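Engineer: Prediction below, plus the sequence it came from.
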Amino acid sequence: MRRLLIATTVVVLIALLVVASWLPVRQARELWRARHDAEAIEKAQSWSRMRLWPAQYNQLLAATYLDVHNRAAARPHLDALARGGRLWISALPKEEVARRLGYEEFLSYDAASHERDTNEVLLHRCAAQIATGHLDEAEATLKSIVGNQAPRLSAAITARRSGSYPLILDRNGQPIALYQIANHDLIAINRDFDSLIDARAGALTFGAQLQRLGVNDTIETTFDPNIQKAALQALGGFRGALVAIDPQTNEILAIASNRGRGDLANLALEQQYEPGSIVKVLTGLNALESGVDVRSMFPYDCKGDMLIDGRHFADWIGPGHGVLPSIDDALAESCNIAFADIGLRLGADRLHRFMSAAGFDQQANLGVLRVPLGRNVGQTSNRYETALYSIGLTHESVNALHVAMIGSMMANRGVMTTPRLLRARRSLLGEMTMQPPAPVKTTLGTPAHAEMIVRAMVAVTTSPKGTGRRAVVDGVPMAMKTGTAGERANGGLEALIVAFAPVDHPRIAFGIIAEDAGPAEYAGAKIAHDFVAAWHLLPR
């Protein structure tokens with residue numbers, strides 16, 4: 001009896017020792033699962049000195065160091081695993097490691113860790129072999145795989161043996177661009193996307209970003225190829241850009257840059273232009289939000305000139321616009337004097353704060369690209385410069401993406417949201433490896449105040465003197481603001497358009513910038529008309 005009691009006590013003590021010694025292994029594993037890599041390494045290294053569960057600590061340390069891309073630190077632990085033979089008790093199931101590590105890192109871990117090969121491990125091994133160009137080994141692994149993933153992997157092997165494979169997809173899952181293995185290059189198979197794919201078009205192209213993005217996980221985008229084509233056709237012979245956004249989802253439908261007679265360039269994202277009168281939309285909304293008594297300013301008598309600190313500030317129409325009954329008329333006819341007056345009542349500080357909230361000097365995180373938006377230029381150190389700033393001259397610049405975002409903001413009645421370009425990144429197994437970033441929303445105005453500016457934007461297209469009246473498309477009520485900027489002396493005026501449609505239930509918001517197109521009420525309005533007309537005919 002006494003011997004039995006002693007034996008039982010010894011067994012219990014051993015069991016308690018085993019459980020106690022396993023606890024740090026479990027804690028290190030949970031830290032790894034929570035992606036607290038530094039803490040996982042510290043825990044595993046500290047307890048591994050006890051010489052208990054050495055293989056399991058080598059597992060944890062090898063996986064964690066590979067996860068943080070420190071191959072040198074992982075190497076001794078991988079070597080120890082390789083020498084240790086079959087691992088019967090695992091601290092980390094290999095399937096879990098496979099889902100966590102990159103392709104090359106997993107192959108290193110896989111070769112060292114002698115564990116049972118489940119079907120999931122075989123799938124990840126095959127995918128990693130394909131990604132790293134070991135196609136013969138991948139085909140050998142594929143023979144042991146069962147399930148519906150085998151055809152997908154077989155197709156991936158076939159594509160890579162052909163020398164190229166799809167990397168960038170549109171919203172319908174159709175390829176936009178192929179990765180060419182031999183020359184490590186990306187080519188647009190849908191040429192409408194050349195300016196976004198070809199690295200020669202600029203730093204913010206998929207081609208130029210390949211090293212950062214990687215070349216194995218497909219990039220599913222929000223692009224609609226039909227809307228992209230409509231945008232390019234609407235731009236016609238003009239060098240310029242058109243960006244379109246679905247204001248209901250804030251998905252980017254098109255980023256079109258037309259080279260015109262110039263070199264291929266990603267104008268929509270990388271070229272900045274003076275915005276001109278489209279900024280009046282922001283100035284007007286700012287004034288309403290800031291409590292400026294805009295209503296009392298009207299009827300407003302524009303004589304074509306106002307004196308600001310002894311300097312003459314001129315309207316774009318020499319004699320002026322005459323009496324403007326309301327802000328609707330002032331925006332419709334794009335009166336510089338009225339909006340400069342509003343800007344002066346706001347003051348430089350309030351103008352700058354609002355413009356910053358509206359994206360100026362900010363970036364848009366599109367998931368796969370970080371794109372600078374508009375910029376503030378120079379100093380608004382006096383009232384005259386403040387007046388210029390309030391009507392979009394001299395002191396700001398924008399790109400077409402930012403203009404489209406302003407259009408989407410107005411469509412959403414005062415809420416600006418970072419648009420979405422990325423739908424997902426998917427591995428060779430179809431698993432999601434990257435989701436789109438959470439949208440950043442900024443409320444610039446109340447719905448009531450935004451609606452007042454929307455009503456004025458509608459007048460731009462419906463008023464007999466509206467600068468956007470030539471853009472009207474039958475059956476599609478549109479809200480718009482035109483802008484003309486640039487240097488007349490140099491013979492080049494840019495036409496800018498910010499717009500959305502239909503007015504009450506918006507489904508498209510867009511920004512247009514056309515170089516050397518002259519006053520926006522002519523060529524700019526025609527581009528807008530042609531784009532909306534083509535969009536309206538597309539199947540829903």
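Structural biologist: Yes, it's here. Residues are numbered from 1 along each chain as shown.
Engineer: Would you mind giving the domain segments of the chain?
Structural biologist: Following automatic domain parsing, one finds the domains of the chain at 24-161, 164-222, 229-537.
Engineer: Spell out the residue ranges of the strands in the stretch 401-540 of the chain.
Structural biologist: 415-417, 422-426, 432-434, 441-443, 479-487, 492-501, 508-514 (DSSP state E, counting those that start in this stretch).
Engineer: Which of those strands has the highest mean neighbour count?
Structural biologist: Ranked by mean neighbour count under mean count of other CB atoms under 10 Å, these are led by strand 508-514, which reaches a mean of 31. In short, each C-beta sits where N, CA and C put it, glycine included.
Engineer: now for that strand, which elements pack on it?
Structural biologist: helix 225-235, strand 240-246, helix 400-411, strand 492-501, helix 525-537 (3 or more CB pairs under 8 Å, 6 or more residues apart in numbering; DSSP states H and E).
Engineer: Show me the contact partners of the host helix or strand of residue 211.
Structural biologist: Per DSSP states H and E: residue 211 is located in helix 210-213. By CB atoms under 8 Å, 6 or more residues apart in numbering, the residues outside helix 210-213 that reach it are 179, 184, 186, 199, 206, 219, 368.
Engineer: Skip ahead from it and say which helix or strand is next.
Structural biologist: Downstream of helix 210-213, the next assigned helix or strand under DSSP H and E is strand 218-221.
Engineer: Please enumerate residues in contact with that next one?
Structural biologist: Here strand 218-221 makes contact (CB under 8 Å, 6+ apart) with 166-171, 173, 176, 206, 213, 252, 368, 421-426.
Engineer: same question for it, mean pLDDT?
Structural biologist: Strand 218-221 carries an average pLDDT of 98.
Engineer: Just the CA trace of it, in PDB.
Structural biologist: The C-alpha coordinates for strand 218-221 follow below in PDB (Å, rounded to 0.1, in the frame of the first residue of the first chain):
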ATOM      1  CA  THR A 218      -3.500  38.700 -56.900                       C
ATOM      2  CA  ILE A 219      -4.900  42.200 -56.400                       C
ATOM      3  CA  GLU A 220      -8.600  42.400 -56.800                       C
ATOM      4  CA  THR A 221      -9.700  46.000 -57.500                       C
END
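Engineer: what residues are up against the residue nearest the centre of the chain?
Structural biologist: In the chain, the centroid-proximal residue (CA atoms, centre = their mean) is residue 366; its distance is 1.0 Å. Contact analysis of residue 366 by CB under 8 Å, 6+ apart lists 252, 418, 419, 420, 421, 422.
Engineer: Output the below-cut-off pLDDT ranges for the stretch 1-150 of the chain.
Structural biologist: 1-20 (pLDDT under 70).
Engineer: hey, where'd the helices end up in it?
Structural biologist: Applying DSSP state H, counting those that start in this stretch to the stretch 1-150 of the chain gives helices spanning 2-33, 37-48, 54-67, 71-83, 94-100, 103-112, 119-131, 135-142, 150-162.
Engineer: mind checking which of the strands of the stretch 401-540 of the chain is nearest residue 372?
Structural biologist: strand 508-514 (14.9 Å; CB to CB).
Engineer: now the closest one, how far from the chain's geometric center?
Structural biologist: 17 Å (CA atoms, centre = their mean, to the nearest Å).
Engineer: Starting from residue 204, give me the distance back to residue 399.
Structural biologist: As judged by CB to CB, to the nearest Å, residue 399 and residue 204 stand 10 Å apart.
Engineer: Could you pull out the residues contacting both of these two?
Structural biologist: 269, 270, 371.
Engineer: if we can go back for a sec, ranking the domains of the chain by burial, who's on top?
Structural biologist: Of all the domains of the chain, domain 229-537 has the most neighbours on average by mean count of other CB under 10 Å, namely a mean of 21.
Engineer: So for it, first residue to last residue, what's the gap.
Structural biologist: End-to-end span of domain 229-537 (CA to CA, to the nearest Å): 13 Å.
Engineer: Could I get the helices of the stretch 1-150 of the chain in JSON lines, plus columns for distance to residue 354?
Structural biologist: JSON lines is the format used below for those (distance: least, CB to CB, whole Å):
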{"stretch": "helix 2-33", "distance to residue 354": "45"}
{"stretch": "helix 37-48", "distance to residue 354": "42"}
{"stretch": "helix 54-67", "distance to residue 354": "44"}
{"stretch": "helix 71-83", "distance to residue 354": "50"}
{"stretch": "helix 94-100", "distance to residue 354": "44"}
{"stretch": "helix 103-112", "distance to residue 354": "47"}
{"stretch": "helix 119-131", "distance to residue 354": "48"}
{"stretch": "helix 135-142", "distance to residue 354": "56"}
{"stretch": "helix 150-162", "distance to residue 354": "50"}
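Engineer: Those: which one's closest to residue 277?
Structural biologist: Closest to residue 277 of those is helix 150-162 (CB to CB; 49.9 Å).
Engineer: CA atoms of that closest one as PDB?
Structural biologist: What follows is helix 150-162, C-alpha atoms only, in PDB (Å, rounded to 0.1, in the frame of the first residue of the first chain):
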ATOM      1  CA  ALA A 150      -6.000  20.900 -56.900                       C
ATOM      2  CA  PRO A 151      -7.400  22.300 -60.200                       C
ATOM      3  CA  ARG A 152      -6.600  25.900 -59.000                       C
ATOM      4  CA  LEU A 153      -3.000  25.000 -58.300                       C
ATOM      5  CA  SER A 154      -2.700  23.000 -61.500                       C
ATOM      6  CA  ALA A 155      -3.800  26.100 -63.400                       C
ATOM      7  CA  ALA A 156      -1.300  28.300 -61.600                       C
ATOM      8  CA  ILE A 157       1.500  25.900 -62.500                       C
ATOM      9  CA  THR A 158       0.400  26.000 -66.200                       C
ATOM     10  CA  ALA A 159       0.300  29.800 -66.200                       C
ATOM     11  CA  ARG A 160       3.700  30.100 -64.700                       C
ATOM     12  CA  ARG A 161       5.200  27.600 -67.200                       C
ATOM     13  CA  SER A 162       3.700  29.900 -69.900                       C
END
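Engineer: what sits up against that helix?
Structural biologist: Residues contacting helix 150-162 (CB under 8 Å, 6+ apart): 123, 126-127, 130, 133, 135, 138-139, 142, 145, 165-166, 181, 428-430.
Engineer: What angle do helix 135-142 and that helix make with each other?
Structural biologist: Orientation check (axes from the mean of the first three to the mean of the last three CA atoms, to 10 degrees): helix 150-162 against helix 135-142 gives 170 degrees.
Engineer: so how far is helix 150-162 from its chain's centroid?
Structural biologist: The answer for helix 150-162 is 30 Å, by CA atoms, centre = their mean.
Engineer: ok, back up a step: of the shared contacts of residue 399 and residue 204, which is the nearest to residue 26?
Structural biologist: Closest approach to residue 26 among the shared contacts of residue 399 and residue 204 (CB to CB): residue 371, at 44.1 Å.
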